[in-house]
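> Sequence first, predicted coordinates after that:
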Amino acid sequence: MVGAGHGTDGEEPGSVHVILGSRKTRVVLTGEVDAELGQDLLEASADAESAGRPVEVDVRNVTFMDSTGVAFLARLASRSPSKLVLIRPPDLVRFLIQVTSINQVLRVVEEDPGIDHTLPDGSDDGPRGGPDLVA
């Protein structure tokens, strides 16, 4: 886990996780994605960028997003080696990417393409392990 923020008004605290596979990088956002996660989002962006692989962002469990989250998506989209993939955005996230026009620089998918189940060195880890989780 890169980090977790603090929820307000009983909402789920936000969190960001970066999973590095051999073929792609997945960023998982959950809960409230706001200024509380600012530093964690910067670190996640740096981790994803340094991996140099296509990036997908799983946003299906985002309950709130402000301009901090939108800026994070725009940063990832501008620095990803291929078109950023956004997985199953809830209505709020879908609205934000449309109103800010960043939907033009990313691809929305409704089906989870699955996490790359190989180790970064390219060897198959089979059922015993999984991709690397950046802590």
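Nice, I can see it.

> what's the nearest residue to Val57 if we skip its chain neighbours?
Val27 (4.7 Å; C-beta to C-beta, 6 or more residues apart in numbering). Every residue, glycine included, has its C-beta placed from N, CA and C.

> Tell me which helix or strand Glu12 sits in.
Taking DSSP states H and E as the definition, Glu12 sits outside all helices and strands.

> before we move on, what about Arg60?
Going by DSSP H and E, Arg60 is part of strand 55-65.

> how about low-confidence regions in this protein?
Applying pLDDT under 70 to the chain flags the ranges 1-11, 116-135.

> Go again with 80.
1-12, 115-135 (pLDDT under 80).

> quick one, what contacts Pro54?
If a contact means C-beta atoms under 8 Å, 6 or more residues apart in numbering, then Pro54 has Arg23, Lys24, Thr25, Ser80, Pro81, Ser82, Lys83, Val85 as its contacts.

> cutoff 7 Å now
Taking C-beta atoms under 7 Å, 6 or more residues apart in numbering as the criterion, Pro54 is in contact with Lys24, Ser80, Pro81, Ser82.

> Report the buried members of these.
Neighbour-count burial (16 or more other C-beta atoms under 10 Å) is assigned, among those, to Lys24, Ser80.
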